[in-house]
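In: give me a model of this one.
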Amino acid sequence: MNNVQRGTCMYEHYSQTQYLMGIYILLLTIATSIFFSDQSRQSESRHGGTFTLMCFGVIGWISCEMARLFLVSHPTADMLVGNAILVFACLSISSQFLFSYWFFRDDYKIPVYVTLSFLIFPLAFALVALSPLYFIVLEIYSMMREGSDISMPYVDFTASGWELWLLASVVYSYVMIAAAALVVLQSHFRMARFYRLPSTMMIAAIIITFAAKIISLLAIPTILDPAIIAACVSLLLYRLAISTHDHSFYVRYARLQAFDFLKNLVIIVGKNGQIADFNYSANRWFSSIGIDLRKFTLESVLVKLIKSGAKVTPAPGVDDGDDISYRHNEFPIVLNMRIFNMIDKVNRKHGSIVFFFDVTQNRELFYKLEKKAGVDALSGLPNRMAYEGARARYDSRAHLPLSIVICDLNGLKTTNDNLGHKYGDLLIQTASRILENACQKPHFVGRIGGDEFVILLSQTNEQQAEVMINNIKYTMYETSNTLTFKVSMAMGAATKYSESESMEEIIALADSRMYSDKKAMKGEAPR
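Out: Model (predicted):
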């Protein structure tokens, strides 16, 4: 090679060195800026120093690459720096896994085996990489001794076993990348879409790192190692993941706090019916009655409640769900249970959220108002609204034979006109008390109009109903002897013996018989 060619080669090498140095300085500036931007807010971050290790690995890797540009003529030092590059590269890769593991844990605790798997290999690589340092120190010492002809034996086992050393580093890197990917993907798909931006950035960083490692492994000729560029880009993506995660983390934390401090009992049930989670109120209440929610399905919890004396009934009125009535610490309590299924866009059920609302006071007020609304103010008997509900309830096999008695109070208008409304009201109240005393539970007595009354006689045939009618009429006749007005009623009964018979037809027949009785009894004493 002549002087011109040699000069050209040196110029090209110098130009390439300058080009690489410029890129390394740029990458080092980026990595250092990312590191200091994180250190300025370290107290708010949730990576527990793992991101700092990642920064340390990348910055050390770039610094060693820069130093290596000037050590071409020093083989031993070049070997030492080359080994250090592998150590820093392994550190930057393995810290990605540690960062990912820490990032998605709520308890911020890392098991000992995870920490050991992270530390053992980088420390072992560091010890192996530093082996040439002993010989460098001896060479410097011999050079300092003036006129010394000491010849030091040099055996670098890292150089002789370079292929094995490199293979171990590569395998370890791929294992750490795969472990980080597994941790991130697991957490990514468990989170709601709103929280997936940080994990998406981390997945992108892992893909970039993996692709760069493949390119390096294939030995594709490049001026600059793509792995070091990928390391800087990944560092930036991880830093952005921390920033975006802070907001979503605090929102998620606030939601968890709200979930725990809800007064209502909340239970989250998985696909298989097993209880997956519950809030503080649910845990406290069920624990107080001896139910450990962690050991039961929702169905078994309800069965255990029923066995301990709870009653499950449909919620009254316009409320949804079921009411669970239970005596807790000798005090009655009513919990309204509502189940909301978690269904995705393609109509797949992923579980349920079960709410238990304490509606004890609401139900107490509801039943009081319902009772008040269903009671006739003057007579104290159930009114027409209560009768409509009772008629539906009594129309069942359990009450057959069911006798229906239609009653019409005689002389109400005459009493009002001759004696005044005060005595007319007293007539209604007197007749009501006689009917009420004669027809105790499970029978039903109600006032459905001004002078109209109805009696539902459960499990009473027609002959028994006639006997009861005669007794009522006789009681009214005797009571009239002590009053200034007459108390009497026209009464007609009809009996339903089978479910196939129409309730309307039975009522119409009883009504017809009442009118016949009204005509027949005018001026007659009771039979």
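
In: OK, contacts around the closest residue to Leu53 other than its chain neighbours?
Out: Of all residues not flanking Leu53 in the chain, Ser95 sits nearest, at 4.1 Å (C-beta to C-beta, 6 or more residues apart in numbering). Using the backbone N, CA and C atoms, a C-beta is placed for each residue, glycine as well. Taking C-beta atoms under 8 Å, 6 or more residues apart in numbering as the criterion, Ser95 is in contact with 50-51, 53-54, 57, 118.

In: and the gap between Leu400 and Ile434?
Out: Counting by C-beta to C-beta, to the nearest Å, the gap from Leu400 to Ile434 is 27 Å.

In: related to what we said a few turns ago, return the member of the contacts of Ser95 nearest to Leu71.
Out: Nearest to Leu71 out of the contacts of Ser95 is Gly57 (C-beta to C-beta; 20.6 Å).

In: in which helix or strand would I find the closest one?
Out: Using DSSP states H and E, Gly57 maps to helix 50-68.

In: filter the contacts of Ser95 to the buried ones?
Out: Of the members of those, the ones counted as buried by neighbours, 16 or more other C-beta atoms under 10 Å, are 50-51, 53-54, 57, 118.

In: pull the most distant pair out of these.
Out: Phe51 and Phe118 (13.8 Å).

In: so what's the residue count around Gly449?
Out: Gly449 is flanked by 12 other residues according to other C-beta atoms under 10 Å.

In: so it makes contact with Asn383?
Out: No. Gly449 is not in contact with Asn383 according to C-beta atoms under 8 Å; the separation is 9.5 Å.

In: which one of the buried ones among the contacts of Ser95 is nearest Gly309?
Out: Thr50 (53.2 Å).

In: care to break the protein down by domain?
Out: 11-146+156-256, 265-366, 375-520 (automatic domain parsing).

In: just send these back as a markdown table, with mean pLDDT too.
Out: Supplementary listing: those in a markdown table, determined by pLDDT from 0 to 100:
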| stretch | mean pLDDT |
| --- | --- |
| domain 11-146+156-256 | 73 |
| domain 265-366 | 84 |
| domain 375-520 | 93 |
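
In: can you tell me which of the buried ones among the contacts of Ser95 is nearest Thr244?
Out: Ranked by distance to Thr244 (C-beta to C-beta), those are led by Phe51 at 14.0 Å.

In: OK, contacts around the closest one?
Out: Counted by C-beta under 8 Å, 6+ apart, Phe51 has contacts 38, 45, 95, 99, 238-239, 242.

In: what are the ranges of the strands in this structure?
Out: 265-269, 275-278, 311-314, 322-328, 331-343, 349-358, 402-409, 444-447, 452-457, 489-496 (DSSP state E).

In: mind listing what Ile428 touches?
Out: Listed by C-beta under 8 Å, 6+ apart, the contact partners of Ile428 are 378-379, 409, 412, 447, 451.

In: one more time with 6 Å, if that's ok
Out: Taking C-beta atoms under 6 Å, 6 or more residues apart in numbering, we find Ile428 in contact with 378-379.

In: any idea how far it is from Ile214?
Out: Remark: distance between Ile428 and Ile214 (C-beta to C-beta) = 97 Å.
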